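> Any chance you could fold what I've pasted below:
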Amino acid sequence: QVQLVESGGGLVQAGDSLRLSCAASGRTFSSNAMGWFRQAPGKERAFVAAISRSGGLTRYADSVKGRFTISRDNAKNTVYLQMNSLKPEDTAVYYCAATLKYGGATYYYNADYNYWGQGTQVTVSS
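Numbers count the residues shown, from 1 in each chain. The predicted model follows:
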């Protein structure tokens, strides 16, 4: 079992930056590839970024590539999402997720993930 708790969300203006954190507990953190997803009002939950177990591989949605950076600190059992140059369309609830899939890859689909945090709200005003 893995418990995930996100933090760092808030209300910012367009062009600002935020860093989200996701603290994991329960299972050996380094055993899990991790991901960030987001859900805007009236829309389905969508992939944002993913990172492999070691942190050596990352993957991003086209809409955030070049602006967002996912990273992890296995010693602190934490995964981060640094978000720069935020836009109003980035407004959403952001979720951290962990997968039990074994291997060194990154994972893109909601169904790939076994554990989810409660979400943190990010609101970007224009």
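
> rest of the way, CA atoms for contacts and neighbours
Will do.

> what's across from the residue nearest the centre of the chain in the sheet?
Among the residues of the chain, the one closest to the centroid is W36, at 2.2 Å (C-alpha atoms, centre = their mean). Beta-bridge partners of W36, counted by DSSP bridges, are A49, C96.

> That one contacts A98, correct?
No: between W36 and A98 there is no contact under C-alpha atoms under 8 Å: 9.0 Å.

> contacting residues around the residue nearest to the centre of the chain?
Under the criterion of C-alpha atoms under 8 Å, 6 or more residues apart in numbering, the neighbours of W36 are 47-50, 81, 94-97.

> quick one, helices of this protein?
Counting by DSSP state H, one finds no helices in the chain.

> Quick one: the strands in it, in order.
For the chain, applying DSSP state E gives strands covering 3-7, 10-13, 18-25, 33-39, 46-51, 58-60, 68-73, 78-83, 92-99, 115-116, 120-125.

> So what touches the last one?
Around strand 120-125, the neighbours that count as contacts under C-alpha under 8 Å, 6+ apart are 6-14, 86-95.

> Perfect, that will be all.
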